[in-house]
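Undergrad: Give the three-dimensional model of this entry:
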Amino acid sequence: MRIRTAAIAALLALGVLAPSAASADVCYDLQVNLNGEAVVSETDCIEA
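TA: Modelled structure (predicted):
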């Protein structure tokens, strides 16, 4: 899914730009709403 790929790419870029945060896992909670209803909801963690 494009949204998830973009979110992961952004989080990985943050890990590269902020080396002090690279030692911690980065977690995100992504929710896409359409007409007030959740269409996609995903939570994941990336090991840095």
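
Undergrad: show me where this structure has helices.
TA: 2-17 (DSSP state H).

Undergrad: what bits of it have low per-residue confidence?
TA: Applying pLDDT under 70 to the chain flags the ranges 1-4, 6-23, 48.

Undergrad: Let's see that with 80 instead.
TA: Low-confidence segments of the chain (pLDDT under 80): 1-24, 38, 47-48.

Undergrad: Could you double-check that residue 41 sits in contact with residue 34?
TA: No. Residue 41 is not in contact with residue 34 according to C-beta atoms under 8 Å; the separation is 11.8 Å. For every residue, glycine as well, the C-beta is placed using N, CA and C.

Undergrad: Which residue is the nearest non-sequential neighbour of residue 33?
TA: Once flanking residues are discounted, residue 33 sits nearest to residue 39: 6.6 Å by C-beta to C-beta, 6 or more residues apart in numbering.

Undergrad: Number of residues surrounding that neighbour?
TA: Residue 39 has 9 neighbours, counted by other C-beta atoms under 10 Å.

Undergrad: No further queries at this time; thank you.
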